[in-house]
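Undergrad: my questions concern the predicted model and sequence given below.
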Amino acid sequence: MAFEINPQPGEQVLARKEFRGSHSHIFAMAVSNQALYLSAQKWALKDDWYFKRVLLDEVKDVCLKKQKPLILLLMSVVMIAIGGSVSIIMLMNTYDPTPRQPAYGSGWPIAILVGGLVIPFIARGRRTLVVRLKKGKFRWKPQLALDRKTRELYAEIQRDIMGACRKAGLQTIEE
């Protein structure tokens, strides 16, 4: 599952970044003075990843967009509502069980409630790397990460790619 670059004569690789996250989340990208190398998956098979070579002439621009957190905020509100209500119902049944029914409790509703409370904070400041091509787009939306080290790694990868794209002469936009 290695991403290999076979440089053409006179081609100089300016940057090469690779990140393997959880749940088969894979990102790899390389920038040279002649082309961009974008990660792609063959036939949607699990481990069949490769570099797709895109000439610089086919690239309109490279953009770093701030993600709109609306969907994540809505998901957070739903998680808080469901987790909170199920937790209250569960605790009411635990403290006042019926005589013939044993009391049952679980940590899942509380975990869902806490997850709903945490999501807005870990989603803050996320950016999507977008490569606009003449035919289509390539996007890398980093996974949600709880730890600061991983979030800083995402930002560093995106900064390095943008810097290499500037060196290659591509138009770069930060929104």
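TA: Done, it's in.
Undergrad: neighbours of Val31, just the number please.
TA: Taking other Cβ atoms under 10 Å as the criterion, the count of residues near Val31 is 25. (Glycine included, C-beta is placed from N, CA and C.)
Undergrad: which strand or helix spans it?
TA: Using DSSP states H and E, Val31 falls within strand 26-32.
Undergrad: that strand pairs with which strands, parallel or anti?
TA: Here strand 26-32 has these sheet partners by DSSP bridges: strand 13-20 (antiparallel), strand 35-41 (antiparallel).
Undergrad: go through the ones you listed and pick out the most buried.
TA: strand 35-41 (a mean of 19; mean count of other Cβ atoms under 10 Å).
Undergrad: circling back to that earlier point, reformat the strands paired with strand 26-32 as a markdown table; add distance to Gly116 and mean pLDDT.
TA: Shown next, in a markdown table, are those (distance: least, Cβ to Cβ, whole Å; pLDDT from 0 to 100):
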| stretch | distance to Gly116 | mean pLDDT |
| --- | --- | --- |
| strand 13-20 | 27 | 88 |
| strand 35-41 | 32 | 87 |
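Undergrad: pull the distance from the longest helix seen in the chain to the chain's centre.
TA: In the chain, taking DSSP state H as the definition, the longest helix is helix 70-95. Distance, stretch centre to chain centre, for helix 70-95: 25 Å (Cα atoms, centre = their mean, to the nearest Å).
Undergrad: elements contacting that helix?
TA: Judged by 3 or more Cβ pairs under 8 Å, 6 or more residues apart in numbering; DSSP states H and E, the packing partners of helix 70-95 are helix 108-122.
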